[in-house]
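> Need a 3D model of the sequence below.
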Amino acid sequence: MHMELLTTTINEWRLDLSSTIAETDKAKVCHVVDRDGNQAVLKIYKHKSMGLEAEAPEFLKQMDGSLCVKVLRTGPGALLTEYLGGKNLASYVWRSSDEEATDILIDVAETIRARRHFIKPRRSLKDRYRRLLQVDIEQHEFLRTEVFREALIIARFAVGEESSNRGAIHGDLHHGNIFDSSRGWRAIDPIPMFGEPEAEYAQAFCNPQKNIALVTSPARAIKLSEQIERRTGFSKEKTMAWGVAKSAQTLEYVTFQYPEQVERLANCSNRVSALVEAYNSL
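Modelled structure (predicted):
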């Protein structure tokens, strides 16, 4: 069905397909060119509801290109955005520095926070973490640990502490979703949610996920929380609590979706342990 939508959209929007950038079980992402020779990115969703990204087009429109990718056109199950062309922030960590990459991520997050009242997403952070907080830890050995039990306590603290400062957040702001471009760094692929702005930094503690040494270092987590506090005024405890919650959620997800991937499970578990240790040392 999505291939039919891809063909129809390309024809109706007068685009030429250049290449496939990525394909997941949720969407197909293509590099396209319009009739004037302008490059763009076309995202075709495989389900009409667009899943967790249903409000992404409206979120990006409200951001109006402010450190987020520009929306060029939308349609049922289709999203056309500007082509950024550069490398993502994860690669920047490898070739430059983690601290500089974090400053870029904070710039994006704070720009979004300034516009957080322009849209109110239907999905809340409580919705996002509901399954984690109700998980039966006896179902898997990686969940039957004291560290994971402690992570759940910290996650409940983060999710349960509501703030009057709530608003729209990107919801999936990590190093792989921030790209360099001729207009500077821009965020893509939001999963819009309504909640505390501190939660926007949850992914920062867990990424770049392929840099195992970095994301399993308690010292790095502490340094990251201090950098965020200096720039935003958010408490180290609150932002890192969201990091713990996100790391625990990822471990819970992998245990049930990919139980055969033992190395991945171990990496996720080590990340939870590192963040819990860092949180307890604050």
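
> Domain parsing of the protein, as residue ranges.
Here the domain parsing of the chain from automatic domain parsing is 2-82, 89-281.

> With mean neighbour count as added columns, please give those domains in a markdown table.
Where you see a C-beta, it was placed from the backbone N, CA and C, and this is true even at glycine. Formatted as a markdown table, those follow (neighbours: other Cβ atoms under 10 Å):
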| stretch | mean neighbour count |
| --- | --- |
| domain 2-82 | 16 |
| domain 89-281 | 19 |
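
> Would you mind giving these as JSON lines with mean pLDDT added?
Conversion of these to JSON lines gives the following (pLDDT from 0 to 100):
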{"stretch": "domain 2-82", "mean pLDDT": "93"}
{"stretch": "domain 89-281", "mean pLDDT": "96"}
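
> Secondary structure element holding residue 150?
Using DSSP states H and E, residue 150 maps to helix 146-160.

> name the helices or strands packed onto that helix?
With contacts taken as 3 or more Cβ pairs under 8 Å, 6 or more residues apart in numbering; DSSP states H and E, helix 146-160 sits against helix 125-133, helix 236-257, helix 262-281.

> can you tell which of those helices is closest to residue 161?
helix 236-257 (7.3 Å; Cβ to Cβ).

> now that closest one, how far from the chain's geometric center?
Between the centre of helix 236-257 and the centre of its host chain there is 12 Å, according to Cα atoms, centre = their mean, to the nearest Å.

> before we move on, back to that, identify the residues contacting the helix holding residue 150?
With Cβ atoms under 8 Å, 6 or more residues apart in numbering as the test, helix 146-160 has contacts from 125-126, 129, 132-133, 135, 137, 142, 198-199, 238, 241-242, 244-245, 247-249, 251, 269, 272-273, 275-276, 279.

> Residue 261 reaches residue 254, doesn't it?
Yes: at 6.8 Å, residue 261 counts as touching residue 254 under the criterion of Cβ atoms under 8 Å.

> nearest spatial neighbour of residue 77, skipping sequence neighbours?
residue 45 (4.6 Å; Cβ to Cβ, 6 or more residues apart in numbering).

> make that residue 220, sorry
Residue 220 sits nearest to residue 214 (Cβ to Cβ, 6+ apart), 5.5 Å away.

> can I assume that neighbour is in contact with residue 93?
Yes: look at residue 214 against residue 93 with Cβ under 8 Å: they come within range, at 7.3 Å.
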